[in-house]
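# Just a sequence and a predicted model for now, questions to come.
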Amino acid sequence: MSSKILIDTNAYSELLRGDDRLLELLAEAERVYVPVTVLGELFAGFRCGSKEQWNRRKLKDFLRRPTVRVLQTSVEIADIYSEIVQRLRKKRRPIPTNDVWIAAHAMDCGAVLVSFDAHFDAVDGLRRWKPD
């Protein structure tokens with residue numbers, strides 16, 4: 001596994017539930033990236049749920065870890081995003097827009113994407129972790 005991983009929204013949720021595979025990945029990673037897109041999805045879920053404050057505290061604690069970095073969007077990432085969209089359209093295999101942004105972040109920073117969503121397999125050149 002890569003020393004750099006990027007977690008998707010569902011991976012963070014599973015991590016919070018205590019998924020041993022993800023806990024091990026996290027422990028081994030030198031760097032864990034969280035794109036702002038993932039934060040937006042998490043915040044939306046928190047607001048719609050019944051434990052918003054608890055979830056926000058847990059996320060804040062997670063983001064304080066020394067190996068965790070939040071990724072902002074850049075012009076370079078926007079260009080990678082556009083390339084992914086173009087390739088997926090050619091293949092007629094669209095994926096959700098937020099997931100294209102997440103894939104673009106992973107590709108930009110050279111991280112392995114940790115996600116339970118199989119549709120990421122359609123993104124050429126994306127390195128990803130797949131659950132067994």
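Structure received. Numbering: from 1, shown residues only.
# Check which residues of the top helix by length along the chain are buried.
The longest helix of the chain (DSSP state H) is helix 75-91. Using 16 or more other C-beta atoms under 10 Å as the test for burial, helix 75-91 gives I77, I80, Y81, I84, L88. Backbone N, C-alpha and C define where each C-beta goes, glycine included.
# Check stretch 9-29 too.
Result for stretch 9-29 [16+ other C-beta under 10 Å]: buried residues T9, A11, Y12, S13, E14, L15, D19, L22, L25, L26, A29.
# just checking, the last one touches V68?
No - taking C-beta atoms under 8 Å as the definition, A29 is not a contact partner of V68, at 9.3 Å.
# and L16, what is it in contact with?
K58 (C-beta atoms under 8 Å, 6 or more residues apart in numbering).
# C-alpha coordinates for stretch 27-34, CSV please?
In CSV, the C-alpha atoms belonging to stretch 27-34 read as follows (Å, rounded to 0.1, in the frame of the first residue of the first chain):
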residue,chain,number,x,y,z
ALA,A,27,-1.9,3.4,11.0
GLU,A,28,0.5,2.5,8.2
ALA,A,29,0.1,5.7,6.1
GLU,A,30,2.6,8.5,6.3
ARG,A,31,0.0,10.9,5.0
VAL,A,32,-3.8,10.8,4.9
TYR,A,33,-5.5,13.3,2.7
VAL,A,34,-9.1,14.5,3.0
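# how far out from the middle of the chain is that stretch?
Remark: stretch 27-34 is offset 12 Å from the chain centroid, using C-alpha atoms, centre = their mean, to the nearest Å.
# same thing with stretch 87-103?
14 Å.
# Give me the buried positions along that stretch.
L88, I95, D99, V100, W101, I102, A103.
# ditto for stretch 119-132
The neighbour-count check on stretch 119-132 (16+ other C-beta under 10 Å) flags F120, A122, V123, L126, R127, R128, W129 as buried.
# Reformat those residues into TSV and put pLDDT next to each item.
Below are the buried residues of stretch 119-132 laid out as TSV (pLDDT from 0 to 100):
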residue	pLDDT
F120	97
A122	97
V123	97
L126	97
R127	96
R128	94
W129	93
